[in-house]
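1. Show me the folded form of this:
(one chain, ligands or ions: 3)
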Amino acid sequence: MDSDSAEDVQAELDSVEAELEVVALQIAELLEKQASLTSKKKQLLCRLEEPCDSTQPSGSGPAMTKQELLRYENDDFSWSTELEQNLKDVFQLSKFRALQLKAINLSMSGKDLFLVMPTGRGKSLCYQLPAVCSEGFTLVVTPLVSLMEDQLMYLKSIDVEAVSLNASSSKEHAKMVLAEMTDAKAPFKLLYVTPEKIAKSKLLMSRLEKAYNAGRLSRIAVDEVHCCSQWGHDFRPDYKLLGILKRQFPKVPLLGLTATATSSVLKDCQKILCVPEPITLTASFNRTNLYYEVRLKDSISDDSISDISALIKERYKDQSGIVYVFSQKDAETVSADLQKKGVNASSYHANMNPEDKSQVHRKWATNKIQVVVATVAFGMGIDKADVRFVIHHTISKSIENYYQESGRAGRDDKPADCIVYFGFNDIFRISTMVVMENVGQQKLLTMVDYCQNVDRCRRSVIAVHFDEVWDDEGCNEMCDVCRHGNDYITVDITQHAKDVVQIVELAGTLDEKLTPLKVTEAWMGKGPAKRRKMIQTTTLSRLEVEAIITSLLLQGYLSEDFSFTPYTTYFYLKLGRKAPLLKNQSHSITMKMRRTGLDANTVSTTQQTVKVSQVKTKEGKRSGDNAANYPVTKKVKKDL
Ligand SMILES: Nc1ncnc2c1ncn2[C@H]1C[C@H](O)[C@@H](COP(=O)(O)OP(=O)(O)OP(=O)(O)O)O1
Ligand SMILES: [Mg+2]
Ligand SMILES: [Zn+2]
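-> Ligands and ions are numbered 1, 2, ... in the order given. As a prediction, this is how the structure comes out:
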């Protein structure tokens with residue numbers, strides 16, 4: 001073989017190898033798709049078998065047929081009259097909400113139960129009412145002392161005796177509680193403890209043992225049960241040790257409660273808590289009274305504060321709400337900025353002293369402050385019924401978090417709004433924060449996907465995370481996509497993707513790392529002249545550029561590349577696992593964008609595929625407001 005032909009063969013070999021690599025990626029992509037379709041098929045089959053009453057139990061319960069479970073919705077149990085009476089007389093409620101009666105009957109029948117119910121729907125009643133109607137007392141494990149205090153205050157106001165044991169209990173108080181646990185005449189019906197107490201106090205465990213033997217431990221409730229699992233979003237190491245309860249007191253029914261657990265998190269909780277065969281009741285996640293909306297935050301001239309203050313002063317005049325922010329510093333600055341614009345706001349974050357925190361909480365609860373500008377520290381246990389808006393100044397770190405935080409709106413079942421401001425730079429601010437968390441990046445991208453999305457009902461994006469099959473008609477135009485957004489086009493961004501990937505690739509060969517901001521600027525032609533000559537720059541607007549880069553990150557053509565120093569974490573972009581697919585001539589990438597504002601001649605159907613560059617040419621140069629062709633509307637009707 002002469003040297004020329006050896007070179008040819010080598011070149012052909014390289015090309016075949018490159019092609020093989022592409023094929024391998026395509027196979028991986030198809031397998032991924034197959035897995036997702038199989039899972040969807042399974043869900044749909046389940047739905048056919050059990051006509052989708054979303055209040056049907058799901059998960060790994062003992063074999064109990066639908067018929068058997070229906071029985072627990074009845075009111076002909078030996079305790080039914082007493083339940084009904086106490087619901088009205090003690091709790092002053094006229095009727096049960098969905099799933100409450102079923103959960104209570106199951107628990108009263110001695111069944112172990114996981115109850116997944118959206119935040120604010122009334123999970124507490126499902127152990128408080130049985131506690132009042134049972135002999136002895138119910139042990140309630142709660143993650144936060146503040147939650148405990150709120151419940152004790154509430155129970156006191158309705159004359160239900162309850163006590164607590166936590167790190168700040170006095171010695172005398174603890175002694176009294178421990179003594180009363182085995183006293184048949186003891187008045188209390190509920191004993192609240194922190195998981196730390198169960199894990200660390202031998203004395204408490206031995207008193208519980210005595211109470212159990214005396215038949216006084218009637219029920220165990222583990223509130224916020226998802227804290228058991230490190231796959232959940234609020235993992236607490238001490239929850240891992242709660243398996244001791246079911247091992248020591250196997251005959252006592254356990255009730256685990258949570259607003260946000262996926263089925264895999266629940267399986268994990270079941271193992272950790274040593275509950276052999278719990279029944280899982282899942283209420284629909286769908287809060288029909290909440291309107292979901294995403295607004296864009298401009299990364300150059302962020303006017304979200306003006307937008308938020310206008311909303312609060314006009315649409316939400318005299319109404320109560322929360323503005324969630326990213327950091328303690330943001331809580332203070334955003335709160336000060338809103339105050340300057342005449343909004344009655346106060347900040348709230350973990351670093352404030354306890355008196356200040358409870359003062360802000362109290363003033364807000366009594367409507368002396370209209371808005372709390374808070375970090376996620378303003379969280380569990382916030383139970384104000386008439387919150388009319390929850391605005392996120394920065395995206396949450398996951399859909400679960402967003403669902404829980406926004407879910408503090410509209411607990412009185414009246415309409416309320418959940419608005420999130422989505423900014424390109426915020427993605428990376430949060431990314432560097434969650435980098436050390438288990439699947440932190442993956443979860444963040446689910447939130448980004450929620451915001452970037454323009455073609456699916458926002459509820460359907462949330463539904464995926466709660467393993468629900470979603471029918472868009474269930475939204476009733478209570479999200480911005482369903483209300484304004486079905487006028488979208490599918491845009492071919494293949495060439496753009498190639499250009500961006502080339503920029504990142506070039507940086508790699510020059511041993512240079514580019515932040516998302518640098519990639520954006522380079523593509524827009526703002527980098528050094530030398531680089532400009534080597535790459536294809538774009539005339540797209542900044543918002544379009546950011547949307548495309550975000551989409552490439554979500555789709556796996558780009559990925560994150562972290563760099564750690566002792567002081568900070570940097571986020572750079574590198575090529576994603578799908579980048580090699582772009583070498584394949586026939587490979588194309590699309591994304592959905594709004595059609596609003598586009599030249600009507602450019603596209604004739606909502607599903608038609610159009611090249612962004614074509615759209616751009618037709619439209620000519622656009623000025624400041626580019627929202628028209630951007631995936632998320634900023635100019636939303638103010639008349640909601
Ligand atoms: N049947 C009912 N009818 C009317 N209001 C009810 C009923 N049951 C509960 N509530 C009210 C009482 C509370 O103010 C509110 C929220 O209840 P709560 O038990 O704190 O919610 P939760 O525990 O499900 O939410 P979270 O997940 O935030 O802890 O609902
Ligand atoms: Mg609760
Ligand atoms: Zn919708």
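2. ok, which stretches of the stretch 51-200 of the chain are helices?
-> With helices called from DSSP state H, counting those that start in this stretch, the stretch 51-200 of the chain shows them at 66-70, 80-89, 100-108, 125-132, 145-157, 171-180, 195-200.
3. Mind checking those for the one nearest to ligand 1?
-> Among the helices of the stretch 51-200 of the chain, helix 125-132 comes nearest to ligand 1, with 4.5 Å by CB to the nearest ligand atom. For the C-beta atoms, the positions are set from N, CA and C on the backbone; glycine is no exception.
4. relative to helix 80-89, how tilted is the closest one?
-> Taking axes from the mean of the first three to the mean of the last three CA atoms, to 10 degrees, helix 125-132 and helix 80-89 form an angle of 110 degrees between their directions.
5. Show me how far helix 125-132 is from its chain's centre.
-> Offset of helix 125-132 from its chain centre (CA atoms, centre = their mean, to the nearest Å): 28 Å.
6. Mind checking the helices of the stretch 51-200 of the chain for the one nearest to ligand 3?
-> Nearest to ligand 3 among these is helix 100-108; the distance by CB to the ion comes to 26.8 Å.
7. on contacts alone, who are the packing partners of the closest one?
-> helix 80-89, strand 113-116, helix 125-132, strand 279-282 (3 or more CB pairs under 8 Å, 6 or more residues apart in numbering; DSSP states H and E).
8. 7 Å instead?
-> strand 113-116, helix 125-132, strand 279-282 (3 or more CB pairs under 7 Å, 6 or more residues apart in numbering; DSSP states H and E).
9. which is the next helix or strand following the strand or helix carrying F428?
-> Of the helices and strands defined by DSSP states H and E, F428 is found in helix 424-434. Using DSSP H and E, the helix or strand that follows helix 424-434 in sequence is helix 440-452.
10. So which other helices or strands are in contact with that following helix?
-> Helix 440-452 packs on helix 399-406, helix 424-434, helix 458-465, helix 542-555, going by 3+ CB pairs under 7 Å, 6+ apart.
11. hmm, who's touching the second one?
-> For helix 424-434, contacts defined as CB atoms under 7 Å, 6 or more residues apart in numbering pick out 299, 326, 394-395, 397, 440-441, 444, 448, 516, 546, 550, 560, 569, 571.
12. can you tell me which of those residues are up against ligand 1?
-> When contact is defined as CB under 6 Å from any ligand atom, the contacts of helix 424-434 do not meet ligand 1 at all.
13. Between the helices of the stretch 51-200 of the chain, which one is closest to V334.
-> helix 145-157 (23.1 Å; CB to CB).
14. could you give the angle of the helix holding F428 to helix 542-555?
-> 30 degrees.
15. what's the average pLDDT for helix 424-434?
-> Averaging pLDDT along helix 424-434 gives 94.
16. by how many degrees do it and helix 440-452 diverge?
-> Using the same axes, to 10 degrees: helix 424-434 against helix 440-452 is 160 degrees.
17. circling back to that earlier point, by mean pLDDT, show me the worst of the helices and strands packed on helix 440-452.
-> helix 458-465 - the lowest mean pLDDT of the helices and strands packed on helix 440-452, at a mean of 88.
18. What helices and strands are in contact with that helix?
-> So helix 458-465, by 3+ CB pairs under 7 Å, 6+ apart, packs with helix 399-406, helix 440-452.
19. I272: what's it in contact with?
-> I272 sits in contact with 228-229, 240, 242-243, where contact means CB under 7 Å, 6+ apart.
20. Which residue is the nearest non-sequential neighbour of it?
-> C228 (4.5 Å; CB to CB, 6 or more residues apart in numbering).
21. what do you get for M117?
-> A283 (4.3 Å).
22. Check what pLDDT that neighbour gets.
-> 85.
23. next one: the one 5 residues further on
-> At T288 the predicted local confidence, pLDDT, stands at 89.
24. ok, now how distant is it from ligand 3?
-> 11 Å (CB to the ion, to the nearest Å).
25. ok, that residue - how many residues close by?
-> 13 (other CB atoms under 10 Å).
26. And the one 10 residues further on, by the same measure?
-> Each residue near D298 was counted by other CB under 10 Å, and the total is 19.
27. looking at the helices and strands packed on helix 440-452, which is closest to ligand 3?
-> helix 458-465 (5.1 Å).
28. quick revisit: please name the residues that touch the residue nearest to I272.
-> C228 neighbours (CB under 7 Å, 6+ apart): 239-240, 242, 268-269, 272-273.
29. biggest separation within those residues, which pair?
-> L242 and D268 (12.6 Å).
30. Please identify which of those two sits among more neighbours.
-> Per other CB under 10 Å, whichever of L242 and D268 has more neighbours is L242, with 25 against 18.
31. Next, the more buried one: phi, psi?
-> Torsion angles at L242 (phi, psi; degrees, to the nearest 10) stand at phi -70, psi -10.
32. what do you get for F422?
-> Residue torsions, per degrees, to the nearest 10, at F422 are phi -110, psi 110.
33. shouldn't it be in contact with C451?
-> Yes. Using CB atoms under 7 Å, F422 makes contact with C451 at a distance of 3.9 Å.
34. Which one of these two is surrounded by more residues?
-> C451 (26 against 23).
35. contacting residues for the more buried one?
-> So C451 contacts 294, 395, 420, 422, 632 (CB under 7 Å, 6+ apart).
36. Which helix or strand contains the first one?
-> With secondary structure defined by DSSP H and E, V294 is part of strand 290-297.
37. Following the chain onward from that strand, which element is next?
-> Following strand 290-297 in sequence, per DSSP H and E, is helix 304-313.
38. Tell me how far that next one lies from the chain's centre.
-> That offset, for helix 304-313, works out to 24 Å (CA atoms, centre = their mean).
39. what does stretch 24-32 give?
-> The answer for stretch 24-32 is 28 Å, by CA atoms, centre = their mean.
40. Over to stretch 256-270?
-> On CA atoms, centre = their mean, the centre of stretch 256-270 falls 14 Å from that of its chain.
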